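Engineer: let's see this in three dimensions:
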Amino acid sequence: GIANSFEQYARDWHLWYTSAAPEDAMLPGEWGNSCNELQKMLIVRSLRKDRVAFCATSFIINNLGAKFVEPPVLDMTAVVEDSSCKTPLIFVLSAGVDPTSGLVQLADEVGMKNRFSALSLGQGQAPLATKLIKEGVKEGNWVYLANCHLSLSWMPHLDKLVEQLQSEEPHPDFRLWLSSNPTKGFPISILQAGLKMTTEPPKGLRANMKRLYGLVSERTFSRCKKPEKYKKLLFTLCFFHSVLIERRKFLQLGWNIPYDFNDSDFEVSENLLNMYLDEYEETPWDALKYLIAGVNYGGHVTDDLDRRLLHTYINDFFNESVLNVPFYKLSSLNDTYYVPKDGPYQHYKDYISLLPNVDHPAAFGQHPNADITSQIRETHMLFETLLSLQPQVSSLKGESTEDKVLGLSQDVKEHLPELIDYENTLSILAEERHTPMGVVLLQEILRYNHLVTQISKSLVDLEKGIKGLVVMSEDLEEIFRCINEARVPKMWSKAYPSQKPLGSWTRDLVQRVDQFFKWAHTGTKPLIFCLSYFTFPTGFLTAVLQTSARANSISVDTLSWEFIVQILDDVNITGQPKDGVYIKGMYLEGAGWDKKNCCLVEANAMQLVCEMPTIHFKPAELKKKTGRGIYSCPCYYYPDRAGTADRASYVVSVDLKSGAATPDHWIKRGTALLLSLDT
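Structural biologist: This is a model prediction of the structure:
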C-alpha cells in the first residue's frame, strides 16, 4: 500500500511533498504509473490540500475542455440583440465590478443616451422606480435599477411589474436593466424570465491598474496644475486601490472582513487628489491621507484592525519620499513595483503592461505561505459546496448512510466526557465560589454540563429516529447530515465557536472539560491555563484583572496587560506567578517565533502556524502606550477573524517584540494569534 511506499521512498515523497507544483510532478515509486488522474487528485487532496483547485482545473480541461474554466467575455451589444422588450436584463454583481459605466457607454453607442434612466435603489426610491418603468414601457426608454439587494421589500412589487410586461405590449425599444448582489430575497420568477450576466473583476495588480488608468482620460490626466506631483501620486493611488482589492484573495490573512471597494472610491479619491494639489502650495499629506484612507475607503471598513492595515498602506504610498526619491519602491520586490519616471499618459500605461501577470505575495507585504493558507481555505469551500450538492440518499451497496451515521454517533457518545458535579464543586470551593475566578469556573461548568447533556440527548434521539422509533425532526435531520459529513451540528456549536471537523472537535471537548474537572475536583487553579478551553475567554481575563485589583486595592479600570513570553519549557514552570496567570495553547499565524531572542521572525516555508510558548499575562497599572519595536498582535478565538453577528472572534491584543522587522511589516503579513485551529 501507499503507507509502505512512504517508508520505502521517504526521500522521494518528501521532495514531491515540498515541490512547488506537486500535481505536475511524478509520484514516487510504482505510484507514478499505477494512478489515473482522479486517483492522483485523491493523493494530492490528502497530502497537499492547497493544490486541489489546480488539480481540479487540469482535470476539467483534460476531460471537458478549456472553455469550462475560462469565463467568456461579456458582449453587451450581443446581449441587447438577444433580448426583447419583455425580458429583464440582470447583472449579478461581483466584488469590485460596477456595470454602470459600461451600460452608459452602450446606450451612447446604440443611440439611447437621451432615453436612458438610471436609479440606485434604496430607502424611498420605490415610487420613482415604478414611475420610470411605466414611462419606459410607453416611451421606449432604457431603465436601469441598480442594487436591487438594497430594496428587497419592494421586490414583490417589481415581480408584478415584470409579470405585467409579459401580458402587455411594451414599446419595442424598452429595456429593463437590473443589478443585484446574490441574495435569497431576489424573486426567482424574475431570474427565470430574464437574461443573467456577470463579469468577474480583473485579477492581479497589473489588470486592476490597467483598468483604473482606463477610467482616467488623457484630459483628466493633464488637468492638474502640479503635474509632477499629480502623476506620481495618481500612480500610487492606483497601486493602493489595486492592493486593497487583491488582498481579498488571502482571505483572513488579507482582511478580517472582505470589503467591496469599487471604482467610485477611486474616482472620488482621484478628484480629491487633483483638487487638493491645485489648492495648496505644500502637499497636504495629512488631509489627503485622512480623506482617502480615513473617510473614502475607510467608510467601508468596520473592523479596527483592518483600519490599522489601511492606514499602514496609505502611509507607505502617500509621503514626501514618493515625490523626492527616484523610482520610489512600492513593495519589498525592489525591481518590480516602483513609481516610474515622469512621462506622458501612455508612458505609465506602457509601464503597467510590463508588470507581472501573477503577483508574488511580497507585492502585498505577504509571506509566500499566505498563498498556501488561502488555497487551503478555498479547497475547504470547494468541498463544502460539493458536499451540499451531494444527493441525500442511502447507499445501495455496502454500508448504508444510516449505518455509517449510527456508527459515528456511537463513537461520539462513547468519547463524551462525564458531567462535572456542580454541587460538589460548590462545597469544595467554599468561600472561593464568590471570587471572580470561582464565578468563572462555576459558569464554565454549567455551560459544559449543558452542552454534554444536549449532545447525549440528541444522539439518543437520533438513534431512535434512524430506527424509526421517533419522528425525525428538522434538528435531527440536521444532526444526521452533519455527522455524515463529519461536521459539528449547529445545535452543539452554540456553546463556543469552532471550525474543527467533528472528530477533532470531540477530542478537543474532552480536553476542555478535563481542565475544569481537575480544577473543580481539587479546588486548586491550574498552573498554566489553556485560554482556548474557556467558552468566554474575555470573561476569564476580566476575572484575572479583578482578582489583581482586589489584591492590590486599586480600581480595575486602571489595569491593562503586560505580556512576558516564557523562555522556559512548561515542565520547568513549577509555581503560579505572584500576579496574573500563565497562558498556553496559542498558535501564531503569519509569522514564526524565535524562542532564543523572544521575538517574531519569518515563518519557515510551508509552516502555516507555529505554537507559541507559554505567556505570562501580568496585570499592569497605567501601562504606557505600545513602544517602538513592539507589534500589537491581535488574538482570535478561532480562524474566522470576523466572528459572527452574535459573537466576536477577537479576544485581546498581545504585545510581541517585532524583531528585525518593523511592526508595519507584521501588520501587512496579517500576523495574529489563534486560540484554536480548523484541524
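Engineer: contacts for stretch 424-431 next, please.
Structural biologist: In this structure, residues lying in contact with stretch 424-431 by C-beta atoms under 8 Å, 6 or more residues apart in numbering are Arg433, Gly438, Leu441, Leu442, Ile445, Ala520, His521, Thr522, Gly523. To be clear about C-beta, it is placed using only N, CA and C from the backbone, and glycine gets the same treatment.
Engineer: contacts only, for the fourth one.
Structural biologist: Going by C-beta under 8 Å, 6+ apart, Leu442 touches Tyr422, Thr425, Leu426, Leu429, Arg433.
Engineer: make a PyMOL selection of the buried ones in these.
Structural biologist: What follows is the PyMOL syntax selecting those of these that are buried according to 16 or more other C-beta atoms under 10 Å:
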select buried, resi 425+429+433
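Engineer: could I get the contacts of Leu442 as a markdown table with secondary structure?
Structural biologist: What follows is the contacts of Leu442, written out as a markdown table (DSSP: H, G, I helix; E, B strand; the rest coil):
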| residue | secondary structure |
| --- | --- |
| Tyr422 | helix |
| Thr425 | helix |
| Leu426 | helix |
| Leu429 | helix |
| Arg433 | helix |
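Engineer: the helices in the stretch 1-150 of the chain, which residues?
Structural biologist: Counting by DSSP state H, counting those that start in this stretch, the segments of the stretch 1-150 of the chain that form helices are 2-8, 10-18, 31-34, 37-47, 52-63, 76-82, 100-109, 126-139.
Engineer: tell me which residue lies farthest from the centre of the protein.
Structural biologist: Among the C-alpha atoms of the chain, the one most distant from their mean position (C-alpha atoms, centre = their mean) is that of Glu169, at 47.5 Å.
Engineer: tell me the SS of that residue?
Structural biologist: With three-state DSSP as the basis, the three-state label of Glu169 is coil.
Engineer: quick one, what contacts it?
Structural biologist: Applying C-beta under 8 Å, 6+ apart, we find Glu169 in contact with no residue.
Engineer: list the contacts for Ser409?
Structural biologist: The neighbourhood of Ser409, defined by C-beta under 8 Å, 6+ apart, consists of Leu459, Leu462, Glu463, Ile483.
Engineer: ok, those residues vs Ala53, which is closest?
Structural biologist: Ranking the contacts of Ser409 by separation from Ala53, with C-beta to C-beta as the measure, puts Ile483 on top at 27.2 Å.
Engineer: the closest one and Asp664: what is the separation?
Structural biologist: 46 Å (C-beta to C-beta, to the nearest Å).
Engineer: got the buried residues for the lengthiest helix in the chain?
Structural biologist: In the chain, assigned by DSSP state H, the helix with the most residues is helix 436-466. Neighbour-count burial for helix 436-466, counted by 16+ other C-beta under 10 Å, picks out 436-445, 447-449, 451-452, 455, 458-459, 461-463, 465-466.
Engineer: repeat that for stretch 269-281.
Structural biologist: Applying a neighbour-count criterion of 16+ other C-beta under 10 Å, the buried positions in stretch 269-281 are Ser269, Glu270, Leu272, Leu273, Asn274, Tyr276, Leu277.
Engineer: check contacts around the second one.
Structural biologist: Spelled out, that is Glu270. Shown here is Glu270, whose contacts under the criterion C-beta under 8 Å, 6+ apart are Val216, Thr220, Leu234, Leu237.
Engineer: swap in the third one?
Structural biologist: Residues in contact with Leu272 (C-beta under 8 Å, 6+ apart) are Leu288, Leu291, Ile292, Asn296.
Engineer: next, give phi and psi for it.
Structural biologist: phi -60, psi -40 (degrees, to the nearest 10).
Engineer: now for the contacts of Leu272, which pair is the farthest apart?
Structural biologist: Taking C-beta to C-beta as the measure, the contacts of Leu272 reach their widest spread between Leu288 and Asn296, a distance of 10.4 Å.
Engineer: what segments of the stretch 501-650 of the chain are helices?
Structural biologist: With DSSP H, counting those that start in this stretch as the criterion, the stretch 501-650 of the chain has helices at 502-522, 537-552.
Engineer: mind putting those into TSV with mean pLDDT and mean neighbour count?
Structural biologist: Formatted as TSV, the entries for the helices of the stretch 501-650 of the chain read as follows, by pLDDT from 0 to 100; neighbours: other C-beta atoms under 10 Å:
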stretch	mean pLDDT	mean neighbour count
helix 502-522	95	17
helix 537-552	95	18
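Engineer: in TSV, list the ones you listed along with distance to Pro619.
Structural biologist: TSV is the format used below for the helices of the stretch 501-650 of the chain (distance: least, C-beta to C-beta, whole Å):
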stretch	distance to Pro619
helix 502-522	20
helix 537-552	4
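Engineer: ok so, going back, ok, which pair from the contacts of Ser409 is furthest apart?
Structural biologist: Longest distance between any two of the contacts of Ser409 is 11.2 Å, between Glu463 and Ile483; criterion C-beta to C-beta.
Engineer: which element follows the longest helix of the chain toward the C-terminus?
Structural biologist: Helices and strands here follow DSSP states H and E; after helix 436-466, the next one along the chain is helix 474-484.
Engineer: and the strands in the stretch 151-300 of the chain?
Structural biologist: Taking DSSP state E, counting those that start in this stretch as the criterion, the stretch 151-300 of the chain carries its strands at 175-180, 195-197.
Engineer: for these, which one sits closest to Ala672?
Structural biologist: Between Ala672 and those, the shortest separation by C-beta to C-beta is 33.9 Å, and it involves strand 175-180.
Engineer: how far does that closest one sit from its chain's centre?
Structural biologist: 30 Å (C-alpha atoms, centre = their mean, to the nearest Å).
Engineer: may I have the strands that pair with that strand, each with its orientation?
Structural biologist: On the basis of DSSP bridges, the sheet neighbours of strand 175-180 come out as strand 89-92 (parallel), strand 142-146 (parallel).
Engineer: got the angle for that strand vs helix 126-139?
Structural biologist: For strand 175-180 and helix 126-139, the angle between their directions (axes from the mean of the first three to the mean of the last three C-alpha atoms, to 10 degrees) works out to 150 degrees.
Engineer: what residue ranges in this structure are flagged as low confidence?
Structural biologist: Flagging of the chain using pLDDT under 70 yields the residue ranges 73, 96, 392-398, 623-626.
Engineer: just the buried residues of stretch 34-51, please?
Structural biologist: Along stretch 34-51, the positions that meet the burial threshold by neighbour count (16+ other C-beta under 10 Å) are Lys40, Met41, Ile43, Val44, Arg48, Lys49, Asp50, Arg51.
Engineer: out of the residues you listed, the closest to Val565 would be?
Structural biologist: Asp50 (29.7 Å).
Engineer: hang on, Cys148 packs against Leu176?
Structural biologist: No. Here Cys148 lies out of contact with Leu176, judged by C-beta atoms under 8 Å, at a distance of 11.3 Å.
Engineer: which one's more surrounded, those two?
Structural biologist: In this comparison of Cys148 against Leu176, neighbours counted by other C-beta atoms under 10 Å, the higher total goes to Leu176 at 27 against 24.
Engineer: surely that one and Ile133 touch.
Structural biologist: Yes. If you go by C-beta under 8 Å, Leu176 and Ile133 touch, sitting 6.6 Å apart.
Engineer: overlap in contacts of the two?
Structural biologist: Common contacts of Leu176 and Ile133, defined by C-beta under 8 Å, 6+ apart, comprise Val143.
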